[in-house]
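**Student:** dropping a prediction and its sequence here:
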Amino acid sequence: MKNETDRLALLAFKDGISEDPIGVLSSWNNSLHFCQWVGVSCSRRQHQRVTSLNLTDHSLVGYLSPHIGNLSFLGRIDLSTNKFKGEIPQEIGRLFRLQILNLTENSFQGEIPFSLSHCSELLIISIAWNQLVGELPPELGSLSKLNFLSAMFNDLSGSIPPSLGNLSSLTTHFLRGNSFNGQIPNQLGQLATMTRLQMDENQLLGTIPPSIYNLTSIQVISVAVNRLHGRIPPNLGLAFPHLQWITAGANQFTGTLPISLSNASSLEFVDFSSNSFSGHVPLNLGSLSRLYHFNIERNQLGSREGDDLSFLTSLTNCTNLKVISASVNNLYGELPGSIANPTQLNLLVLGRNKIFGIVPKGIENLISLYGLGLQVNSLKGTLPDSIGKLNKLQALNLYGNKFSGQIPPSISNITQLTNLYLDVNDFHGSTPTNFGNLGFMEQLFISENKLNGTILKQVGAAQINLSHNSFTGSLLLEVDNLENIRLMDISENNLSG
C-alpha cells in the first residue's frame, strides 16, 4: 500500500509536466517498477520507498504537483535547470526527511513556502534564478542543520530576517540579486561557520554591523550595489585572514582603503569601486600572490604629493594579476617604469586622474593586454612606436591628453584592435598608410588633433570621427567600408570636392 502511495505521487508529478522534449519521463509507465524510472531512487531498507527525485537539466515544462508531499521518505529533490513554473507547493513541508532541495534555474513564482521550516533535516536550500517574490520566511531560522542557502536572483523583498542568525551550521548564504531592503541584521555575526556571504545587488541600507567582522572563517563577502555607508575597518585583513574575494563597489563607503588587506594572503578579487574612498592606496599589496583582479575606480583616492601611483610598483609583484582598474580618482604623479613588469596583465585602466609625464617605453612588455585606458590625464610626448607589439590589444583609449608627434605606424600591427580613441591630443602629420589592416575596427576617434593629408580610403569603422583636424583633398572612403557605418563626422577640416 505504501508502495502504491509513492507510485501514485510520482504519476501525479508526471501529470503536472506539460512538455518533456527529450522524453525523460517515457520510462514512467507500468512496464517498469517505479524504482526503475529515470530520475527516481529508492531505498531497499524501507521497502522500496522513493528517497531521491533527480531530474536536473531535462528542459521539463510544467507545475510541481502538491502530491510531492506524499513521498514521505524523500531525502533529495533536484529539479534544477528546467522550466517549472507556478508556486512551490506548501505540501513540500510534509517531507520531514528532506535534506536537499534544489529548484535552481526555473521559473517558479509566488512566495517561498513557510512550511519549509518543518523540514528540520534540511541541509541545502537552493532556489536561485527563479521569479519568487515576497519576503524570506523568518521561520527558516529554525532549520538548525542548514548549511547552504541560496535564494539569489529572484525578486524577494523586505528585510533580511534576523532569525537567520540562529542557523549555526550555515556556511554559505547567497541572497544577491533581489530587492532586500533595511539593514544587515547584527545577528548574522553569530554565524561562526560562515565562509561565503553574498548580499550584493539589493537595496540594503546602513552600515556593515561590527559583528560581521567576527566571522573569521569568511572567504567571500559581497555587498556591492547597495546603499551602504560608513567606513571599512583598517583591520579588515586581520579580521578575515582567509578572505579570497571582497566586493563592496557601488555603495557610499568613505574613509581609507584597509591597509591590512595584505594580511589576507589568499586574496584573489578586490572591488571597492564607485564609493567615496580617499587617501593613499596601500603600498603593501605586492605580497598577494593570488590576486588577479584589483578595482578601485570611481573614488576620491589620491593626493597632490606626486607619489600616488607608487602602489602600481607594489602590484607588479602580484604575478597572477590580470586587471588593474583605478580610473576616475585623484591619483597624481607619473607612470612608474615598473608598470610594464606584470606581463600577464589583461586590463590596465587609469583614465581620468592627474597623471603626467610620458608613457614608459617598456609598455611593450604588456603583451597580454586587451585593454589600455589612460584617457583624460596630462600625458605628453610621443607615443612609443613599440606599442605596436601589443598585438592582443582590442581597446586603446588615450583621449584627452597632450600627446604629440605622429600616430605610430605600428598601431596598424594591432590587428585585433576594435576601439581606438586618440582624440583631443596634439598628434600631427598624416594617418598611418596601413590603417586598413585594422579590419575589426568598430570605433575610430581621432578628432581634435593636428592631423593633415588625405583621408585614407581604407579607413573603415562603424563609428568614425575625424573632425577638427586639417585633412585636405576629397573624401575617398571606399563604399565597401561604409556599409555598416552608424556615425561619421568629418566636420572642421579642409576637405574639397
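**Tutor:** Nice, I can see it. Numbering: from 1, shown residues only.

**Student:** every contact and neighbour count from this point should use C-alpha atoms.
**Tutor:** OK.

**Student:** for the protein, which helix is longest?
**Tutor:** Counting residues, the longest helix found in the chain (DSSP state H) is helix 2-15.

**Student:** what about the residue nearest to Asp307 when sequence neighbours are not counted, neighbour count?
**Tutor:** Closest residue to Asp307 apart from its sequence neighbours, by C-alpha to C-alpha, 6 or more residues apart in numbering: Gly333 at 5.5 Å. For Gly333, the neighbour count with other C-alpha atoms under 10 Å is 21.

**Student:** again with Phe445
**Tutor:** For Phe445, using other C-alpha under 10 Å, the count is 21.

**Student:** hey, what's it bridged with?
**Tutor:** Tyr421, Asn465 (DSSP bridges).

**Student:** quick one on the thing from earlier: name the residues that touch the longest helix of the chain?
**Tutor:** The contact list for helix 2-15 (C-alpha atoms under 8 Å, 6 or more residues apart in numbering) reads 25, 28, 34, 47-50, 64-65, 67-68, 70-71.

**Student:** if you set the cut-off to 7 Å instead, what comes out?
**Tutor:** Contacts of helix 2-15 with the rest of the structure, by C-alpha atoms under 7 Å, 6 or more residues apart in numbering, involve Phe34, Arg49, Val50, Leu64, Ser65, His67, Ile68, Asn70, Leu71.

**Student:** farthest-apart pair in the residues you listed, please.
**Tutor:** Farthest apart among these by C-alpha to C-alpha are Arg49 and Leu64. That separation is 19.8 Å.

**Student:** tell me how far the residue nearest to Leu374 when sequence neighbours are not counted lies from Val376.
**Tutor:** Nearest non-adjacent residue to Leu374, counting by C-alpha to C-alpha, 6+ apart: Gly351, 4.3 Å away. Gly351 is 6 Å from Val376, where distance means C-alpha to C-alpha, to the nearest Å.

**Student:** make CSV from the contacts of helix 2-15 and add secondary structure to it.
**Tutor:** Formatted as CSV, the contacts of helix 2-15 follow (DSSP: H, G, I helix; E, B strand; the rest coil):
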residue, secondary structure
Phe34, helix
Arg49, strand
Val50, strand
Leu64, coil
Ser65, coil
His67, helix
Ile68, helix
Asn70, helix
Leu71, coil
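
**Student:** save the residues you listed as CSV, and put in distance to Met488 too.
**Tutor:** Below are the contacts of helix 2-15 laid out as CSV (distance: C-alpha to C-alpha, whole Å):
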residue, distance to Met488
Phe34, 67
Arg49, 71
Val50, 67
Leu64, 55
Ser65, 59
His67, 64
Ile68, 62
Asn70, 67
Leu71, 67
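
**Student:** which of those residues lies closest to Phe294?
**Tutor:** Once C-alpha to C-alpha is applied, the member of the contacts of helix 2-15 that ends up nearest Phe294 is Leu64, at 43.8 Å.

**Student:** from what I see, the closest one and Ile77 are in contact.
**Tutor:** No - using C-alpha atoms under 7 Å, Leu64 is not in contact with Ile77, being 11.3 Å away.

**Student:** tell me which element Ile221 falls in.
**Tutor:** Applying DSSP states H and E as the criterion places Ile221 in strand 220-222.

**Student:** mind listing the strands that strand pairs with, and their directions?
**Tutor:** Strand 220-222 pairs in its sheet with strand 196-198 (parallel), strand 245-247 (parallel), by DSSP bridges.

**Student:** can you give the strand pairings for the helix or strand that the last one is followed by, parallel or anti for each?
**Tutor:** Read that as strand 245-247. In the C-terminal direction, the helix or strand that comes right after strand 245-247 (DSSP H and E) is strand 252-254. Partner strands and pairing direction for strand 252-254 (DSSP bridges) are strand 227-231 (parallel).

**Student:** now the element after the strand it pairs with, going C-ward?
**Tutor:** Next in sequence after strand 227-231, counting helices and strands by DSSP H and E, comes helix 236-239.

**Student:** gap between that next one and the chain center?
**Tutor:** Here the centre of helix 236-239 is set off from its chain's centre by 23 Å, with C-alpha atoms, centre = their mean, to the nearest Å.

**Student:** contact partners of it?
**Tutor:** Helix 236-239 is contacted by residues Tyr213, Asn214, Thr216, Pro258, Ser260, Leu261, Ser262, Asn263, Ala264 when judged by C-alpha under 7 Å, 6+ apart.

**Student:** what residues sit buried inside stretch 101-114?
**Tutor:** 101-113 (16 or more other C-alpha atoms under 10 Å).

**Student:** kindly format the C-alpha coordinates of that stretch as CSV.
**Tutor:** Taking C-alpha atoms only, stretch 101-114 is exported to CSV below (Å, rounded to 0.1, in the frame of the first residue of the first chain):
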residue,chain,number,x,y,z
LEU,A,101,16.0,20.9,-2.1
ASN,A,102,17.4,22.2,-5.4
LEU,A,103,15.0,24.2,-7.6
THR,A,104,17.6,26.5,-9.1
GLU,A,105,17.1,27.9,-12.6
ASN,A,106,13.4,27.5,-13.2
SER,A,107,10.5,29.9,-13.4
PHE,A,108,8.9,29.3,-10.0
GLN,A,109,6.7,32.2,-8.9
GLY,A,110,4.9,33.2,-5.8
GLU,A,111,6.3,33.2,-2.3
ILE,A,112,8.7,30.8,-0.6
PRO,A,113,6.5,28.4,1.4
PHE,A,114,6.9,29.0,5.1
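
**Student:** quick check, nearest of the contacts of helix 236-239 to Arg231?
**Tutor:** Pro258 (9.3 Å).

**Student:** and for the closest one, the neighbour number?
**Tutor:** Residues lying near Pro258 (other C-alpha under 10 Å) number 17.

**Student:** quick check: closest non-adjacent residue to it.
**Tutor:** In space, Pro258 is closest to Pro234, 4.1 Å off (C-alpha to C-alpha, 6+ apart).

**Student:** measure how buried the one you found is and give me the count.
**Tutor:** Pro234 has 15 neighbours, counted by other C-alpha under 10 Å.

**Student:** what's it sitting at in phi/psi?
**Tutor:** Main-chain torsions, Pro234, degrees, to the nearest 10: phi -60, psi -20.

**Student:** spit out the contact partners of it.
**Tutor:** Pro258, Ile259, Ser260.
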